[in-house]
Every structure is written in structure tokens, then in C-alpha cells.
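K.L.:
Can you look at this prediction? I've put the sequence above it.
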Amino acid sequence: MTSAKKAENSILNEFCKTIWEPFEKAVNDYELINENDKIAVCISGGKDSMLLAKLIGLYKEKSGVAFDAVYLVMDPGYNEANRKKIEDNAAALEIPLTIFESDIFAVADSVTKSPCYLCARMRRGHLYAKAKELGCNKIALGHHFSDVIETTLLGMLFGSQVQAMLPKLHSTNFEGMELIRPLYCVHEDDIIKWRDFNSLSFIQCACRFTEKIGLSGDGIGDSKRQEIKQLIKELKKDNPGVEQSLFNSIHNADADSFPAYKTGGETVFNC
């Protein structure tokens with residue numbers, strides 16, 4: 001059995017309950033994939049985006065929904081080894097890549113304030129532009145359930161705001177384009193289990209900032225997201241359902257109970 005077939009079979013069998021069904025739930029509940037869509041599946045080379053590519057391919061094959069997909073890799077300045085790792089993994093998993101280059105890593109590394117934010121914003125802009133050039137109306141990113149709750153806590157604890165990550169987002173800069181997150185209901189721990197079950201090895205972020213985290217010795221470095229991961233891990237020891245509670249909370253927000261909230265960029269006061 002090929003690596004690609006083994007990975008596909010495991011999604012539909014061993015990981016049906018933890019990956020395939022949550023993926024389908026997100027796609028159906030949030031109406032992420034529709035007839036005649038052309039989706040740019042954005043692949044960074046990490047475990048999340050590679051799994052997303054396989055899921056989109058399986059959904060195209062099994063759902064009966066007529067849509068097209070392009071598997072898009074932006075090389076933001078990978079070193080030779082990481083670029084080859086992405087290409088080799090894609091070949092093994094039978095993912096047909098469309099690759100284009102940018103200088104995002106070099107630009108982000110030249111600033112000292114919020115390099116990760118700058119990198120993420122630039123990446124998204126480049127991906128939207130290339131996807132639109134290829135005739136796509138959507139880009140699909142590999143953000144998962146764990147990203148959703150971590151981002152919510154990051155905003156609360158470090159950004160003084162209650163703001164969640166949407167499963168679907170209409171672009172304000174690229175007319176007619178949408179961003180979708182089909183892994184919205186899939187836990188990172190289950191993605192890791194799928195990766196390890198199939199003896200797969202993927203690159204990390206591959207930027208210099210991530211390398212600094214690895215060299216820090218504590219797995220955190222200056223990363224606030226890693227701090228949040230550790231916080232959730234500690235909370236789970238006493239409350240195993242804490243992640244689901246956090247996720248449910250962003251679907252049950254009661255605006256009437258807030259002294260003030262924002263909508264459409266405007267602040268509304270309740271008192």
C-alpha cells in the first residue's frame with residue numbers, strides 16, 4: 001500500500017470519528033464548500049495543511065459536490081531542505097502542488113515588532129492574490145479547533161478583547177474571495193496522532209522565530225501562543241472538558257450581558 005493510500009484509509013477508518021466526521025461537520029454546519037467552488041488549498045508544509053489537502057481530496061471524491069481544488073504552496077523563503085521536504089511529502093501523499101515564491105521571511109525577519117503578525121498578514125495577501133489569479137473563489141487554511149480556542153484566549157489575556165476565529169471569512173481586499181477553515185472542529189492532538197500513525201514527518205513553521213523557540217529549552221521562548229498551549233494543558237488536568245467549553249462559549253456569546261461590544265467596527269454600549 002502506498003503512503004498516500006494508507007493516509008487516506010486511516011482518515012476513513014482509524015480516524016473517522018476524530019478527523020473525518022469533525023471535518024464533515026465543519027464543512028456542512030458552516031457551509032464551507034459549495035457547488036462550482038474552486039478552492040485554493042493553502043499548504044505550508046506542516047501537518048495541518050497536509051492533512052487538509054488529503055481531506056479536501058477525499059471530500060471531492062466522496063461528497064457528490066462538484067467543485068475544484070488547487071493545492072497551493074507559497075515559498076516565503078524556505079531553505080533548500082524544507083522546500084525539498086514539502087515537495088517529497090506531497091509526492092508521497094500524491095498531492096499535486098502549484099508552487100510560487102515570495103520574500104516574506106526576509107521582510108518579517110527585518111522587523112522587531114510583531115514579526116509573526118506581519119508574516120501572517122503578508123502570507124494571506126499573497127495567497128489571496130495568487131488564488132484569484134488562478135481563478136479560485138476561496139482559499140482554505142489549516143487552522144484547527146485548538147487554534148480557535150488558543151486565539152480566543154490570546155485575545156482575552158494579551159489583547160484586551162473577546163474575539164474569536166471565524167470558520168468562514170469574506171475578504172475585504174479581494175472582491176468575491178472567501179477564506180474557509182475546514183479543520184475548525186478537528187483537534188490538534190488528533191492530527192498529531194494521524195501523522196504518527198502514518199509515520200509521516202512534516203516541517204514546522206521554518207522561520208527564524210520558530211527556531212528560537214526550539215533553542216529556548218522550554219518549548220515556549222517568547223511565544224505567547226505556546227504559553228496559552230501550556231495553560232490549556234494545565235487546565236485540562238482538572239477539567240478534561242475545558243477545551244470544548246471554550247469552543248462552545250464562542251458559539252453562545254450573550255451580547256446583552258456585556259457592558260459594551262463591537263459590531264461593524266462600531267462600539268455599542270448596553271448601559
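P.N.:
Nice, I can see it. Numbering: from 1, shown residues only.
K.L.:
use CA for all of it now, contacts and neighbours both
P.N.:
OK.
K.L.:
Backbone dihedrals for the closest residue to Val65 other than its chain neighbours, both of them.
P.N.:
Leaving aside its sequence neighbours, Val65 sits nearest to Glu35 (Cα to Cα, 6 or more residues apart in numbering; 5.7 Å). When read as degrees, to the nearest 10, the backbone of Glu35 gives phi -60, psi 140.
K.L.:
From Ser10, how far out is Glu35?
P.N.:
Counting by Cα to Cα, to the nearest Å, the gap from Glu35 to Ser10 is 27 Å.
K.L.:
Repeat that for Pro167.
P.N.:
Relative to Ser10, Pro167 is positioned 25 Å away (Cα to Cα).
K.L.:
Which of those two has more residues huddled nearby?
P.N.:
Pro167 (23 against 16; other Cα atoms under 10 Å).
K.L.:
hang on, the more buried one packs against Pro182?
P.N.:
Yes. Using Cα atoms under 8 Å, Pro167 is in contact with Pro182, at 7.3 Å.
K.L.:
Next, show the common contact partners of the two.
P.N.:
26, 32 (Cα atoms under 8 Å, 6 or more residues apart in numbering).
K.L.:
which residue ranges form the strands in this protein?
P.N.:
Remark: strands assigned in the chain by DSSP state E are 38-42, 68-75, 97-101, 138-140, 168-170, 178-180, 260-263, 266-269.
K.L.:
for the fifth one, which positions count as buried?
P.N.:
By neighbour count with 16 or more other Cα atoms under 10 Å, strand 168-170 contains the buried residues Lys168.
K.L.:
Residues touching it, excluding its own?
P.N.:
Under Cα under 8 Å, 6+ apart, the answer for strand 168-170 is 30, 32, 176-181.
K.L.:
Which member of the residues you listed is positioned nearest Glu94?
P.N.:
Arg181 (21.8 Å; Cα to Cα).
K.L.:
Please verify my assumption that that closest one contacts Gly142.
P.N.:
Yes. Between Arg181 and Gly142 there is a contact under Cα under 8 Å: 6.2 Å.
K.L.:
for stretch 70-87, which positions count as buried?
P.N.:
Across stretch 70-87, burial judged by 16+ other Cα under 10 Å covers 70-78, 82-83, 86-87.
K.L.:
Counting neighbours, which of the contacts of strand 168-170 comes out on top?
P.N.:
Ile180 (26 neighbours).
K.L.:
how far away is it from Ala4?
P.N.:
24 Å.
K.L.:
do the same with Tyr59
P.N.:
Taking Cα to Cα, one finds Tyr59 at 15 Å from Ala4.
K.L.:
per-residue pLDDT, the closest residue to Asp48 other than its chain neighbours?
P.N.:
The shortest distance from Asp48 to any non-neighbouring residue, by Cα to Cα, 6+ apart, is to Gly142 (5.2 Å). Looking at Gly142, its pLDDT stands at 96.
K.L.:
Contact partners for Gly142?
P.N.:
42-43, 48-49, 52, 181-183.
K.L.:
just the buried members of these?
P.N.:
Using 16+ other Cα under 10 Å, the buried ones in the contacts of Gly142 are 42-43, 48-49, 52, 181-183.
K.L.:
Go through the residues you listed and flag which are in helices.
P.N.:
48-49, 52 (DSSP state H).
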